[in-house]
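Undergrad: Predicted model, plus sequence, below.
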Amino acid sequence: MSGRQEGDGVNRREAVAAALQRLAPRLPDFEAESVLDRALASPGLRRAAPENAAWLALVAFARHAFTDYDDLLDEGYDRDSARHFVLDELNAVLTGWGARPIPEDQADSEEPDTR
């Protein structure tokens, strides 16, 4: 997968990495590698534009790694409720990386199944 070429001959991994750098310029390199791996491995993101794949993988990574989202799901909260409860925490992580925050009205539309 990492060798797949985009329409202009750019390697898919390089295109998604460049988009990720634009979206979250302060994202540490070791975190960027995890986000990039998620974007490239996700069946739901394989055909997404590099910018979309990078953004959706970034949000999914931050939500699962840096918030209580998974704990809330384990406690029986539905996905939309869990996303609502972690939105402030998620936005703090995203803005810390130089990314845009997610508006409240879009909190449940940001992540496909990327696991």
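TA: Arrived safely. From a predicted model like this one, the values you see are computed outputs, not experimental measurements.

Undergrad: quick one: contacts for the nearest residue to R22 once chain neighbours are set aside?
TA: Sequence neighbours aside, E51 is the residue nearest to R22 in space, at 7.7 Å (criterion: CB to CB, 6 or more residues apart in numbering). Where you see a C-beta, it was placed from the backbone N, CA and C, and this is true even at glycine. Contact partners of E51, counting by CB atoms under 8 Å, 6 or more residues apart in numbering, are 19, 22-23.

Undergrad: For the chain, give me the ranges with low pLDDT.
TA: The model of the chain has pLDDT under 70 over residues 1-10, 109-115.

Undergrad: change it to 90
TA: 1-10, 104-115 (pLDDT under 90).

Undergrad: before we move on, the earlier item: filter the contacts of E51 down to the buried ones, ChimeraX style.
TA: The following ChimeraX selection, which keeps only the buried ones among the contacts of E51, applies the criterion 16 or more other CB atoms under 10 Å:
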select :19,23
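
Undergrad: Now tabulate the contacts of E51 in CSV and tack on distance to D68.
TA: Below are the contacts of E51 laid out as CSV (distance: CB to CB, whole Å):
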residue, distance to D68
A19, 28
R22, 29
L23, 24
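
Undergrad: Out of the contacts of E51, which sit inside helices?
TA: For the contacts of E51, membership in helices holds for 19, 22-23, with DSSP state H as the criterion.

Undergrad: From the residues you listed, pick the one nearest R47.
TA: Ranked by distance to R47 (CB to CB), the ones in helices among the contacts of E51 are led by A19 at 14.8 Å.

Undergrad: Could you find the closest non-adjacent residue to that closest one?
TA: Excluding the flanking residues, the one nearest A19 by CB to CB, 6+ apart is A54, at 4.0 Å.

Undergrad: show me what contacts that neighbour?
TA: The neighbourhood of A54, defined by CB under 8 Å, 6+ apart, consists of 16-17, 19-20, 23, 35-36, 39.
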